[in-house]
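**Student:** next one to model:
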Amino acid sequence: MIGLMPPPPPYRRAISTYIGTTLDTSALATVTLTGVAIGPPAPDRLVVAVVLGRDSNARTISSVTIGGVAATAAVTSPSQNNPTGIYYARVPAGATADIVVTFSAATTRMAVAVYTVTGYRNLTPAAVNQGYGSGTTLSVALARPRDAVVIAGSITSSAGTFAWSGVTEDTDIAHVSSRVSAASDDFGAAEPAMAVSFVNSGSGAASIVAATWT
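**Tutor:** This is a model prediction of the structure:
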């Protein structure tokens with residue numbers, strides 16, 4: 001008698017959850033955000049930190065740790081006044097964690113928007129992009145696979161509010177004389193050149209970062 005074949009494993013689909021945004025004005029090169037909420041524990045929990053910095057001088061992000069785990073850079077900006085990046089680490093345990101961000105030099109202000117991604121099939125992002133400009137509008141394109149999540153963030157040197165396109169706004173906060181915002185969405189269909197963009201009601205130096213996971 002031929003034995004029955006085991007059922008195929010269930011199809012996994014990535015799900016993103018916005019957790020919260022933490023602001024900092026300590027003006028240090030290394031900033032420690034203590035006890036940041038990172039969502040419910042899960043064996044496959046990917047914690048995604050959208051780092052948004054601002055300084056009068058050009059800066060870069062050197063490293064990020066989440067709960068003592070070295071985070072991987074999905075995408076970072078080149079040296080500029082708005083050092084921005086998306087970092088991720090697999091952190092299964094704990095509902096809070098210290099997030100430590102190190103810049104190339106002291107940075108006047110920064111924010112970290114935290115997301116979780118679960119159910120993903122690939123730890124490495126499928127596509128990333130970043131941009132920088134002066135004005136009210138900024139856009140990047142992503143090659144988005146099917147059943148993907150997209151996470152994006154921006155900081156501007158003006159205090160104008162954001163209006164996102166392509167993804168849904170999760171946070172939009174005035175921060176000193178800047179404004180920080182982050183947005184995300186989960187998608188079913190693929191899109192070879194998805195536009196992720198925003199219009200800001202104020203004009204100024206602005207950066208954007210975006211990444212997609214499957």
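
**Student:** quick check: what element follows the helix or strand encompassing L23 along the chain?
**Tutor:** Following DSSP states H and E, one finds L23 within strand 15-24. Later in the chain than strand 15-24, the nearest helix or strand by DSSP H and E is strand 30-37.

**Student:** what about the helix or strand that comes right after that next one, distance to the chain center?
**Tutor:** The first helix or strand that comes after strand 30-37 along the chain, using DSSP H and E, is strand 46-54. Offset of strand 46-54 from its chain centre (Cα atoms, centre = their mean, to the nearest Å): 5 Å.

**Student:** mind giving me the packing neighbours of the following helix or strand past strand 46-54?
**Tutor:** Sequence-wise, the next helix or strand downstream of strand 46-54 (DSSP H and E) is strand 61-66. The contact analysis (3 or more Cβ pairs under 8 Å, 6 or more residues apart in numbering; DSSP states H and E) places strand 61-66 against strand 46-54, strand 72-76, strand 84-90, strand 96-103. Every residue, glycine included, has its C-beta placed from N, CA and C.

**Student:** so in that sheet, which strands flank strand 61-66, and in what orientation?
**Tutor:** Strand 61-66 sits in its sheet next to strand 69-70 (antiparallel), strand 96-103 (antiparallel), going by DSSP bridges.

**Student:** quick check, distance from it to the centre of its chain.
**Tutor:** Put simply, strand 61-66 sits 13 Å off its chain's centre (Cα atoms, centre = their mean).

**Student:** ditto for stretch 39-54
**Tutor:** With Cα atoms, centre = their mean as the basis, stretch 39-54 stands 8 Å off its chain's centre.

**Student:** buried residues of that stretch, list them for me.
**Tutor:** By neighbour count with 16 or more other Cβ atoms under 10 Å, stretch 39-54 contains the buried residues 39, 45-54.

**Student:** and the residues you listed, which is closest to Y87?
**Tutor:** Ranked by distance to Y87 (Cβ to Cβ), the buried residues of stretch 39-54 are led by A49 at 4.8 Å.

**Student:** closest to T76 out of the strands paired with strand 61-66?
**Tutor:** Of those, nearest to T76 by Cβ to Cβ is strand 96-103, at 11.1 Å.

**Student:** before we move on, back to that, and of the helices and strands packed on strand 61-66, who's closest to A174?
**Tutor:** Using Cβ to Cβ as the measure, strand 46-54 is the one of these that comes nearest A174, at 12.2 Å.

**Student:** quick one: the closest one to strand 15-24, angle?
**Tutor:** Note on geometry: by axes from the mean of the first three to the mean of the last three Cα atoms, to 10 degrees, strand 46-54 and strand 15-24 are set 40 degrees apart in direction.
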